[in-house]
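[1] I need the structure of the sequence given here:
(one chain, ligands or ions: 2)
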Amino acid sequence: MTELWIPLKGIPAEGQEYHFTDQSLWTGPMRDFGLAAKPGRDFAARMFILPQDDGFLVTGSFSGSVMLPCDRCAEEFEQAVAGEFESFEEPRAPGDDSLDECRIRRAKGILDLDASGYLWEQFMLALPTSPMCSEDCKGLCPRCGVNRNQDSCACAQDKGDPRLAVLRNLKLS
Ligand SMILES: [Zn+2]
Ligand SMILES: [Zn+2]
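    Ligands and ions are numbered 1, 2, ... in the order given. Modelled structure (predicted):
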């Protein structure tokens, strides 16, 4: 897992911008978590960190793409993945050892933001749960398995299937 910690101590009061283009920030966890995705267009992220009284305001955006199998037809296609984010991150109070997700670690009194974990979380949030090669993907024929985007099969027109006829009659009676 590629880890990237941003030291928060030196960030000036007016905030600081960071840019990320190291692809392993995305491809690393994709591999580690066994995501069925291959790298597409390179990812890039921008993050602005603004110190507040008791934490840090984190804003930014990212974009890139991955190659994924379509949920309907199983063909690999390019899925754009992009998003914007804004969140308030605060360090855990000393002595607080709850298991709540915390993106800021405190080591020997020094605060660091888990930028790699943050960016991965944003990537996962932006990834569609049912990726599709196109909105009107026709999918695979459930009977012969042909990819209906590329081919037509006899089953599609086959209205005379005796088994279906039986079902239709059942519904009518
Ligand atoms: Zn498809
Ligand atoms: Zn078919």
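[2] now do the SS call for the residue positioned nearest the centre of the chain.
    The centroid of the chain falls nearest to Met124 when counting by Cα atoms, centre = their mean (2.7 Å). Three-state call for Met124 (DSSP: H, G, I helix; E, B strand; the rest coil): helix.
[3] that one and ligand 1, how far apart?
    22 Å (Cβ to the ion, to the nearest Å). Using the backbone N, CA and C atoms, a C-beta is placed for each residue, glycine as well.
[4] mind listing what that residue touches?
    Residues near Met124 by Cβ atoms under 8 Å, 6 or more residues apart in numbering: none.
[5] repeat that for Gly40.
    Contacts for Gly40 were tallied using Cβ under 8 Å, 6+ apart; they are 64-67, 78-79.
[6] would you quantify the distance from it to Pro69?
    From Gly40 across to Pro69, the span is 13 Å (Cβ to Cβ, to the nearest Å).
[7] partner residues bridging the closest residue to Asp112 other than its chain neighbours?
    In space, and not counting its chain neighbours, Asp112 is closest to Trp5: 3.9 Å by Cβ to Cβ, 6 or more residues apart in numbering. On the basis of DSSP bridges, Trp5 takes part in beta bridges with Asp114.
[8] quick check: end-to-end length of stretch 95-112?
    17 Å (Cα to Cα, to the nearest Å).
[9] could you do stretch 19-29 as well?
    19 Å.
[10] what residues of it count as buried?
    For stretch 19-29, a neighbour-count test (16 or more other Cβ atoms under 10 Å) marks 20, 25-29 as buried.
[11] next: stretch 76-84.
    For stretch 76-84, by 16+ other Cβ under 10 Å, it's 77, 79, 81.
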